[in-house]
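What would the 3D arrangement of this be:
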Amino acid sequence: MKKVFTLALSLSIMFTAAACSSGTNTPAAPAASAEPSKAAAATTAPSKDPVKLRVAWWGGQARHDYTLKVIEMYEKQNPNVKIEAEYAPFDDYWKKLAPQASANQLPDVIQMDISYLTQYGGKNQLADMTPYTKNGLIDVSSISPNNISGGEVGGKLVAMNLGVNALATTVDVNTFKSLGIPTPTKDWTWEDYDAVAAKAKAGGKQIGGFALHHEVFFPYYLRTVDQKMYNADGTALGYTDDKPFIDYFKRYQKWYEAGNILSLDKESQKKGVAEEDEILLNNAVTGNGWSNQFLAVANLVKDRPLELFPLPGRNGNKGLFLKPSMYFSIANSSKQKEEAAKFISFFVNDIEANKLIKGDRGVPVSSKVKDALKPLLSPNEVKIFDYVAWAEQNSSQMDPPNPVGSIEVEKLLKAASEQILYKKTSIEDAAVKFRKDANAILEKNKAK
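The predicted model follows:
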């Protein structure tokens, strides 16, 4: 994730990486246009005026490749439009976006993550797309209100859901068998995962840890013990008892000290792309992440099948939720908002384009697209669609978008985890300090 952003690639030629929901506490987005034919015409009728759009996203090489092809398809249908692509691995993407936002030079179309949604949307940097869903420029006729409402901040639709996914564990089933490790069940526990880690280590393998993404997995763990990461109004953490923090990091510290997971120095060198996945490199027997990330790795592993399972742990149905894998937003500073809306509608609704996307950015939110893709899916794609369908029946409502200040809190959490693993602090002291500092950040940001 430390790669330099590729800026302003003028395209004459036409996702595979990565934690929305089937429901949130926000109001449902406006209903689809009552005239689907009007919506279709709005998204396809070409204009004669030349338009230049900047479109930005994060991801690995496979995502970049197919997104460029989708862009080429759009340009062919709209010959007056030229699109400049800006893309990078996840961490570098946000490092580049922040100064662009400060300079009021955001790309017209921005791939958005739920962790940053309130930060950008709350500062009025993202346009309200509600007018475009009402007039049909963004066709939402085959998208459920629940899949739309996850992009709302402050009553405005500032992000269009590109697909839903769920947290999952990827399992190298053949290596499990060769090491004598029982194939997990869908209700496996953390103790089961500890046993997998021990047997994998004996066979010279590791397990996938959380790749320093405790901002994803710690909130999941909190949900399984009936706690929340943030309180309802975003002014403080959602828990006051440090026991969940202590229990979570004691297990992680145990894995680390036993050599079950990557060292911090090796983990920090990762760019977050599928090509570096430890299962692909044949170093690990499991990996943890979002369901849409499975495809990139599974497609690269040619010699053995991979399978999707829920994360281990009791009360997984409480922890699991459907999440917008990512969104497209329109910059409020954009001078081409209508064309940006048309591009987003094309990306979400065009069946031919989605034959290239194939759920890499999450299982499609359009029921028409999903139905059209089913007969065309590869075995690995079917595994994702089937897992998300299972998760929909075995999950709970997702939490509201993270509050302003959550990015700072996530940095605190990462720093706390490093302090713990480097034995520079005790878990108990880290828990107290994290809660105190996080609450101070949230209170300060809420008061602004």
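
For the stretch 251-400 of the chain, which segments count as helices?
264-268, 294-300, 316-319, 337-349, 351-357, 367-373, 379-393 (DSSP state H, counting those that start in this stretch).

mind listing what's buried in the longest one?
It refers to helix 379-393. 380-381, 383-385, 387-388, 390-391 (16 or more other Cβ atoms under 10 Å). No exception for glycine: its C-beta is placed from N, CA and C like everyone else's.

Columns distance to Ser426 and pLDDT on top of these, output as TSV?
Below are those laid out as TSV (distance: Cβ to Cβ, whole Å; pLDDT from 0 to 100):
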residue	distance to Ser426	pLDDT
Asn380	43	94
Glu381	45	92
Lys383	41	95
Ile384	40	94
Phe385	44	92
Tyr387	38	96
Val388	39	93
Trp390	39	94
Ala391	36	93
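
For these, which two are the farthest from each other?
Farthest-apart pair in the buried residues of helix 379-393 is Asn380 and Ala391; separation 16.7 Å (Cβ to Cβ).

what comes up buried for stretch 421-432?
Under 16+ other Cβ under 10 Å, the buried positions of stretch 421-432 are 421, 427, 430-431.

Filter the residues you listed down to the ones in helices?
Among the buried residues of stretch 421-432, DSSP state H puts 421, 427, 430-431 in helices.

any chance of those in CSV, plus pLDDT and distance to Pro99?
Shown next, in CSV, are those (pLDDT from 0 to 100; distance: Cβ to Cβ, whole Å):
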residue, pLDDT, distance to Pro99
Leu421, 97, 31
Ile427, 98, 36
Ala430, 98, 31
Ala431, 98, 34
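
Adding distance to Val404, write those residues out as TSV.
Formatted as TSV, these follow (distance: Cβ to Cβ, whole Å):
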residue	distance to Val404
Leu421	29
Ile427	28
Ala430	24
Ala431	23
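
out of those residues, who's nearest Gly154?
Ala431 (32.3 Å).

SS state for Val140?
coil (DSSP: H, G, I helix; E, B strand; the rest coil).

what's around it, how many residues?
Residues contacting Val140 under the criterion other Cβ atoms under 10 Å number 28.

Next one, pLDDT for it please.
pLDDT for Val140: 97.

do you know how far it is from Ala340?
Separation of Val140 from Ala340 (Cβ to Cβ, to the nearest Å): 16 Å.

just Asp187 next, same as before
Separation of Asp187 from Ala340 (Cβ to Cβ): 44 Å.

Over to Ala85?
Applying Cβ to Cβ to Ala85 and Ala340 gives a distance of 14 Å.

Between the two ends of stretch 73-82, what distance do you get?
End-to-end distance of stretch 73-82 (Cα to Cα, to the nearest Å): 11 Å.

actually stretch 295-315, not the one I typed
End-to-end span of stretch 295-315 (Cα to Cα): 26 Å.

Stretch 162-174 too?
OK, stretch 162-174 end separation, Cα to Cα: 33 Å.

re the thing from before, just send the helices of the stretch 251-400 of the chain back as TSV, with distance to Gly204 too.
Below are these laid out as TSV (distance: least, Cβ to Cβ, whole Å):
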stretch	distance to Gly204
helix 264-268	16
helix 294-300	20
helix 316-319	29
helix 337-349	43
helix 351-357	37
helix 367-373	39
helix 379-393	26
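
so which of those comes closest to Ser102?
helix 337-349 (20.5 Å).

so how many other residues sit close to Lys414?
Other residues close to Lys414 by other Cβ under 10 Å number 14.

hang on, isn't it packed against Glu215?
Yes - between Lys414 and Glu215 there is a contact at 7.3 Å, judged by Cβ atoms under 8 Å.

Roughly how far does the residue lying closest to Leu442 once chain neighbours are set aside sit from Glu86?
Nearest residue to Leu442 in three dimensions, chain neighbours excluded: Gly405, at 4.9 Å (Cβ to Cβ, 6 or more residues apart in numbering). Computed with Cβ to Cβ, the distance linking Gly405 and Glu86 is 27 Å.

ok so, going back, state the pLDDT value of the residue nearest to Leu442.
92.

In contact with it, which residues are there?
234, 441-442, 444-446 (Cβ atoms under 8 Å, 6 or more residues apart in numbering).

Let's see that with 7 Å instead.
441-442, 445 (Cβ atoms under 7 Å, 6 or more residues apart in numbering).

Same check on Asn354?
Taking Cβ under 7 Å, 6+ apart as the test, what Asn354 contacts is 364, 369, 373.

distance of it from Gly316?
Distance, Asn354 to Gly316, by Cβ to Cβ: 30 Å.

now do Val285
The value you get for Val285 to Gly316, if Cβ to Cβ is used, is 20 Å.

With Tyr66 instead?
Taking Cβ to Cβ as the criterion, Tyr66 is separated from Gly316 by 32 Å.

Comparing those two, which residue is more hemmed in?
Gly316 (23 against 20).

so that one sits right up against Ala391, yeah?
No - applying Cβ atoms under 7 Å as the test, Gly316 and Ala391 come out as separate, 9.7 Å apart.

Got phi/psi on the nearest residue to Thr425 once chain neighbours are set aside?
Distances taken as Cβ to Cβ, 6+ apart put Gln419 closest to Thr425, at 4.6 Å, once the chain neighbours are dropped. Taking degrees, to the nearest 10, you get phi -60, psi -40 for the backbone angles of Gln419.

Adjust the sequence numbering to begin at 48 for everything that follows.
Let's use 48 as the start, then, which means that last one is Gln466.

between Ala132 and Ala387, who's got more neighbours?
Ala387 (28 against 20).

in this protein, which segments are predicted with low confidence?
For the chain, applying pLDDT under 70 flags the ranges 48-94, 494-495.

show me where it has strands.
For the chain, the strands defined by DSSP state E cover 53-57, 98-105, 128-135, 156-159, 199-200, 203-204, 207-212, 214-219, 333-337, 353-356, 370-377.

hmm, back to that, now, which of the ones in helices among the buried residues of stretch 468-479 sits nearest Glu304?
Leu468 (8.3 Å).

Setting the sequence-adjacent residues aside, check what's closest to that closest one.
Excluding the flanking residues, the one nearest Leu468 by Cβ to Cβ, 6+ apart is Tyr303, at 5.1 Å.

Would you mind measuring from the one you found to Lys471?
Distance, Tyr303 to Lys471, by Cβ to Cβ: 13 Å.

just Leu369 next, same as before
38 Å.
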